[in-house]
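K.L.:
have a look at this prediction, sequence included:
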Amino acid sequence: MTARRSAVLGAAAVGLLAFPLVSEVRIRGVAQPLTDRWRRLAVEPAGSMALGFSARPRQAEALGLDPLDSLRTLLELPFGIVRLGAYWDRVEPVAGAFDPTELDREVEAVEQAGRRIVICVGAVKTFGYPECFIPGHHLDRPIPEGTLVTRRTHPALLDAATAQVRRVVERYRDHDSVIAWQVEHEAVDPLGVEHSWRLATAFVEDEVAAVRALDPTRPILMNGFLPTSLAVRAQQAWRTRDQGDSLALAGRVADTLGLDVYPRHAVVGAGPWSVYFDGRSAAWNLPRVRRLSQQVMVTEGQAEPWETSTRPPILRGRTAYSCGPDGVIHNYNRCVRAARERGVALSAYLFWGAEYWVRRMRDGDPSYLGAVASVLEHA
């Protein structure tokens, strides 16, 4: 083969690899027209799949809402499941304390509404920014970037985390409303782009063992980020290449596998414009899920904007490109269809973004809540 021909073939191969990536990139204005298209969208049937949401008290506060009041507003809709988080720095605000008051009130509100509960016991990571909720008194210094947190590197942290998990399970295991325990959040993945340290699989397995010993009757849920674009898939594979990602760990040790699905999100912004990865039309990486024997659920189905800030923009009278009200339904439909086409039976679909819907409604825009209510009514 001549050098010229080799170079041509090499360039063609690079082009073929680059095309899917380029096809998933969008450059758009963040603010988009707010329409009522969501009212005319058909909704995929849920069948036996339960529908629910995740309650995020810190996001409620960031949006200027009272967390408990927001939760009660959401419970007026006919959701079947609510995922609650035991945020370690709130449950243990000072060394030696155990103050589950906030979580107690949430559990009580959900039980009074007659709904089922999944509790994320943590301990280190729980859903909702910034994901890591270790109390300051359990870390004498920040975890160095690039660290793999193991029994050997952080024995005191493991002991404290296991003790926290035990306290939470012992507190709520007698509640019939609790149907599963989630151990850690995206357990062994890095924390987005903010941090590159990760929990070792053995660290998390010790926490799982503690939960199973205290309550062998309820399933263990573990979740992971399901890449919907080629760029994110490649990045995740590279960053977790030494021990596998959270979905791989869940496939070995959990009873229920949770998928976090975000088809469109911003990666960089400049003024009113942002660059987005858009994997809504991609063939999602579900074959690996199909090969597993566990029950599968969507723990986070994107139902609010994911822009370049940690708090989604309100944009009064407008909506964000990453997820408008119609996107709430499109994302649900695509996920349900993709699972069905690949032979994956979803046990539940939990919408992500509930407090954002309430904030929009309080500001005079009920469209996000309306889109979710449409799914609940027609699914």
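P.N.:
Received it, and whenever you're ready, just let me know what you need.

K.L.:
isn't Leu315 up against Pro33?
P.N.:
No - with contact defined as Cβ atoms under 8 Å, Leu315 does not reach Pro33; the gap is 10.5 Å. C-beta: built from backbone N, CA, C; applies to glycine.

K.L.:
between these two, who's got more neighbours?
P.N.:
Neighbour count, other Cβ atoms under 10 Å: between Leu315 and Pro33, Leu315 has more, with 18 against 9.

K.L.:
confidence score at the residue nearest to the more buried one when sequence neighbours are not counted?
P.N.:
In space, and not counting its chain neighbours, Leu315 is closest to Ala31: 5.2 Å by Cβ to Cβ, 6 or more residues apart in numbering. Note on Ala31: pLDDT of 97.

K.L.:
tell me the bridge partners for Ala31.
P.N.:
Ala320 (DSSP bridges).

K.L.:
right, and it touches Arg318 too?
P.N.:
Yes - at 4.3 Å, Ala31 and Arg318 qualify as touching, with contact defined as Cβ under 8 Å.

K.L.:
returning to that earlier point: next, count neighbours for the residue nearest to Leu315.
P.N.:
Neighbour tally, Ala31, other Cβ under 10 Å: 14.

K.L.:
ditto for Asp260
P.N.:
For Asp260, the count of nearby residues is 22 (other Cβ under 10 Å).

K.L.:
now the helix or strand Gln164 falls within: buried residues?
P.N.:
Using DSSP states H and E, Gln164 falls within helix 155-172. Using 16 or more other Cβ atoms under 10 Å as the test for burial, helix 155-172 gives 157-158, 160-162, 164-169, 171-172.

K.L.:
let me have those in CSV, adding pLDDT and distance to Thr201 as columns.
P.N.:
Listed next are the buried residues of helix 155-172 as CSV, based on pLDDT from 0 to 100; distance: Cβ to Cβ, whole Å:
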residue, pLDDT, distance to Thr201
Leu157, 97, 16
Leu158, 97, 13
Ala160, 97, 19
Ala161, 98, 14
Thr162, 97, 15
Gln164, 97, 19
Val165, 98, 16
Arg166, 97, 20
Arg167, 98, 23
Val168, 98, 21
Val169, 98, 21
Arg171, 98, 27
Tyr172, 98, 26
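
K.L.:
quick check, nearest of these to Ser196?
P.N.:
Ranked by distance to Ser196 (Cβ to Cβ), these are led by Leu157 at 17.3 Å.

K.L.:
which ones are touching that closest one?
P.N.:
Val124, Ile134, His138, Leu139, Val149 (Cβ atoms under 8 Å, 6 or more residues apart in numbering).

K.L.:
so which of the residues you listed is the most crowded?
P.N.:
Val124 (26 neighbours).

K.L.:
relative to Leu157, how far out is it?
P.N.:
Here Val124 is placed at a distance of 8 Å from Leu157 (Cβ to Cβ, to the nearest Å).

K.L.:
what do these two both touch?
P.N.:
Ile134, Val149.

K.L.:
low-confidence bits of this protein, can you list those?
P.N.:
1-21, 281-293 (pLDDT under 70).

K.L.:
where do the helices of it begin and end?
P.N.:
3-23, 57-62, 67-74, 88-91, 101-112, 155-172, 201-214, 230-239, 246-253, 287-290, 325-341, 354-362, 367-378 (DSSP state H).

K.L.:
how about those helices in a markdown table, adding distance to His185?
P.N.:
Output for the helices of the chain, formatted as a markdown table (distance: least, Cβ to Cβ, whole Å):
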| stretch | distance to His185 |
| --- | --- |
| helix 3-23 | 28 |
| helix 57-62 | 13 |
| helix 67-74 | 18 |
| helix 88-91 | 11 |
| helix 101-112 | 15 |
| helix 155-172 | 13 |
| helix 201-214 | 11 |
| helix 230-239 | 15 |
| helix 246-253 | 9 |
| helix 287-290 | 18 |
| helix 325-341 | 19 |
| helix 354-362 | 17 |
| helix 367-378 | 22 |
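
K.L.:
can I get the buried residues of helix 155-172 in JSON lines including distance to Asp242?
P.N.:
Formatted as JSON lines, the buried residues of helix 155-172 follow (distance: Cβ to Cβ, whole Å):
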{"residue": "Leu157", "distance to Asp242": "20"}
{"residue": "Leu158", "distance to Asp242": "19"}
{"residue": "Ala160", "distance to Asp242": "25"}
{"residue": "Ala161", "distance to Asp242": "21"}
{"residue": "Thr162", "distance to Asp242": "23"}
{"residue": "Gln164", "distance to Asp242": "26"}
{"residue": "Val165", "distance to Asp242": "25"}
{"residue": "Arg166", "distance to Asp242": "29"}
{"residue": "Arg167", "distance to Asp242": "32"}
{"residue": "Val168", "distance to Asp242": "30"}
{"residue": "Val169", "distance to Asp242": "30"}
{"residue": "Arg171", "distance to Asp242": "35"}
{"residue": "Tyr172", "distance to Asp242": "35"}
